[in-house]
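Asks: give me coordinates for this.
(chains A and B)
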Amino acid sequence: MKNFTTNRIWSAKSKKKLAWSGQQKPVKLESILLFAVILLCWQGLSTFYTPLVLPGPVLTFKSLMTIFQSDLLFSETLISFKRLMLGLMGAVLVGSVVGIIIGLNQRVRRLLEPLVYFVQSMPPILYITLAMIWFGLNGQATIFIVFVASVPIMVVNIKEGFDNIDIKLIQMGRVFKFSKTKMIREIILPSLKAYFKSALIIIIGLGWKVVVMGEVLSASTGLGSRITDARMNLQTDMVFAWGIIIILLCYTSQKVISALFNLSTARKQYDL
Amino acid sequence: MIFNMANVCKNYGNTEVLSNFSTSVEMEEVVCIIGPSGCGKSTILNLISGLAEPSAGEVANYSTAISYVFQEDRLLPWRNVYENIHIVNQNCSTKACLSLIKDVGLQGFEGYYPSELSGGMRQRCSLARAFNFEADLLLMDEPFKSLDYNLRIEMISLLLKLWDSTRKAIVFVTHEIDEALLLGDRILLLSSRPTKIVKEFKITAPKKCRKLADLQMVQIRSEIIKSFQAGI
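Replies: Numbers count the residues shown, from 1 in each chain, chains lettered A, B, ... in the order given. Below is the predicted model:
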């Protein structure tokens, strides 16, 4: 057993080494260059306008530092994060269950599929407006809109996963007398994993955008409300700074989800 | 007798694939099935394994369980070689499983995933999986189709070695006359659709010491080729 575990570790290490050498470096350099060009353009454009219309990168960076030094960053991020998580957890739960039922049962699929596409086609501003009417100007409306925006994406992805399960693997399982549990554990769930991961990455990205949008329009707390405050006080540099924080949070969340899935795969390689 | 098909018909829509097809397989017997493409060879295996139901006739299976080597390896991409083989028989000890892996020449690759293996290695893994499953009937559907000549010869001797130690009855579907001559106790030559048995050849020489140049082999080979040329 030791022998092939060592082989796997060696193989994983060598892959990691390859990934960090050679082809990866130029991509990183290009990214830095692109970032520098964007900053230069931004700086250049900002000289033509007043800071009220377009604050430059230096002013934005100073505002960013002010936010980092205040208590607001942690408290407001926590509020938005809680709303995001509540909405997303609901969406993952409901979306997965509905997706699995739709995937397993053709009758339910025929019944629910149009409804899913109907909800997905609704413009976000419509359900934000409805949420404000139903739940008032508080965090509940934000949780609701994250939930409504994410559920159809989850359902459609899980359904796609079901549609793409390799029937030949199912036949293999039947021939080798896999029990129902084994069939689900060994064939169905691993086949859905990639679709589940992709749905999570999409909804967490969308979730951050929707949660901020909801807070801008309907809440007095959270990251979105800070943007509203900054706009009311004509602090465009603060709008930019909060915007950068939201972008970073969104990007990091997507990377964390992706890394967690990769970690679970990598850990499986050393199970034996 | 381990398996019997009597007057079996199988239709896919309006296409009649099998018409009054009858055959049987004895314990420890290796039956090779040869026929033109699309004649329904795989359908016969699917009927035996229960993956397809006959439109008419009777399929009687007396085996305790059936194992299968598919045309494609059908390994679980998220499981490594060891897990793919062990998964079909979890009562199998680690030692026995590793010994089987060694027998098929995959020692050192136990932790590798199917995507990291060559076609031949994946097919060997699939063969080991089939032999690890506790069954007295093994179905093989052109398992060596995608392999080159040398590898195919290697796989045939490997199969003979595994068969010798387990003595499972085997139904082996192939396009290659040589494979059938080296492996089969009986060779069934099938016609094109609707499929019937055109000829049946019995080979008496022990499998271990068969040579393709033997007189009986040459005669059977020549008859099969003639039948193909006559457009069965």
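Asks: what does chain B put close to chain A?
Replies: Taking C-beta under 8 Å from any C-beta of the partner chain as the contact definition, chain B meets chain A at B:49-51, B:65-68, B:70, B:72, B:74, B:76, B:78-80, B:82-83, B:87-88, B:94, B:98, B:108-113, B:116, B:129, B:133. Where C-beta positions appear, they are placed from N, C-alpha and C, glycine not excepted.
Asks: out of those, which are buried?
Replies: B:49, B:51, B:66-68, B:70, B:72, B:74, B:76, B:78-80, B:82-83, B:87-88, B:98, B:109-113, B:129, B:133 (16 or more other C-beta atoms under 10 Å in any protein chain shown).
Asks: quick one, helices of chain B?
Replies: B:41-49, B:81-86, B:94-103, B:119-132, B:149-166, B:177-183, B:215-229 (DSSP state H).
Asks: can you tell me the centre-most residue of chain B?
Replies: By C-alpha atoms, centre = their mean, chain B has its centre lying nearest to B:M140, at 2.1 Å.
Asks: I figured that residue hits B:K168, correct?
Replies: No: when contacts are counted by C-beta atoms under 8 Å, B:M140 is not listed as touching B:K168 (10.4 Å).
Asks: just checking, which of the buried ones among the residues of chain B next to chain A belong to strands?
Replies: B:I66, B:S67, B:Y68 (DSSP state E).
Asks: list the contacts of the second one.
Replies: Spelled out, it's B:S67. A:V175, A:F176, B:A130, B:F131, B:F133, B:A135, B:L137, B:L138, B:L139, B:K168 (C-beta atoms under 8 Å, 6 or more residues apart in numbering or on different chains).
Asks: in JSON lines, list those along with distance to A:L130.
Replies: JSON lines is the format used below for the contacts of B:S67 (distance: C-beta to C-beta, whole Å):
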{"residue": "A:V175", "distance to A:L130": "52"}
{"residue": "A:F176", "distance to A:L130": "51"}
{"residue": "B:A130", "distance to A:L130": "58"}
{"residue": "B:F131", "distance to A:L130": "62"}
{"residue": "B:F133", "distance to A:L130": "57"}
{"residue": "B:A135", "distance to A:L130": "60"}
{"residue": "B:L137", "distance to A:L130": "62"}
{"residue": "B:L138", "distance to A:L130": "62"}
{"residue": "B:L139", "distance to A:L130": "59"}
{"residue": "B:K168", "distance to A:L130": "65"}
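Asks: run a quick neighbour tally on A:G205.
Replies: By other C-beta atoms under 10 Å in any protein chain shown, 15 other residues sit near A:G205.
Asks: what about the helix or strand where it lies, near chain B?
Replies: According to DSSP states H and E, A:G205 maps onto helix A:189-218. Yes: contact of helix A:189-218 with chain B (C-beta under 8 Å from any C-beta) involves A:P190, A:K193.
Asks: state the next helix or strand along the chain beyond that helix.
Replies: Toward the C-terminal end, the helix or strand that comes next after helix A:189-218 (DSSP H and E) is helix A:223-232.
Asks: contacts for that next one, please.
Replies: Under C-beta under 8 Å, 6+ apart, the answer for helix A:223-232 is A:72, A:76-77, A:79-80, A:142, A:211-217, A:219, A:236, A:238-239, A:242-243, A:245-246, A:249.
Asks: look at A:W242 and give its secondary structure.
Replies: Put simply, A:W242 is helix when judged by DSSP: H, G, I helix; E, B strand; the rest coil.
Asks: ok, it touching A:F68?
Replies: No: with contact defined as C-beta under 8 Å, A:W242 does not count as touching A:F68 (11.7 Å).
Asks: more neighbours, those two?
Replies: Using other C-beta under 10 Å, the more surrounded residue of A:W242 and A:F68 is A:W242, with 26 against 12.
Asks: residues contacting that one?
Replies: Taking C-beta under 8 Å, 6+ apart as the test, what A:W242 contacts is A:I67, A:L223, A:R226, A:I227, A:A230.
Asks: centre-most residue in chain A?
Replies: So for chain A, C-alpha atoms, centre = their mean, it's A:I204, sitting 2.2 Å from the centre.
Asks: does that residue really touch A:I257, like I thought?
Replies: Yes: counting by C-beta under 8 Å, A:I204 does reach A:I257; the two are 5.8 Å apart.
Asks: now the buried members of the contacts of helix A:223-232.
Replies: Counted by 16+ other C-beta under 10 Å, the contacts of helix A:223-232 give A:76-77, A:79-80, A:142, A:211-217, A:219, A:236, A:238-239, A:242, A:245-246, A:249 as buried.
Asks: strands along chain A, start to end?
Replies: Assigned by DSSP E, the strands in chain A number zero.
Asks: quick check: closest non-adjacent residue to residue 220.
Replies: Just going to use chain A. A:L137 (7.1 Å; C-beta to C-beta, 6 or more residues apart in numbering or on different chains).
Asks: that's the wrong chain, I wanted chain B
Replies: Using C-beta to C-beta, 6+ apart, the closest residue to B:I220 is B:F201 (4.9 Å).
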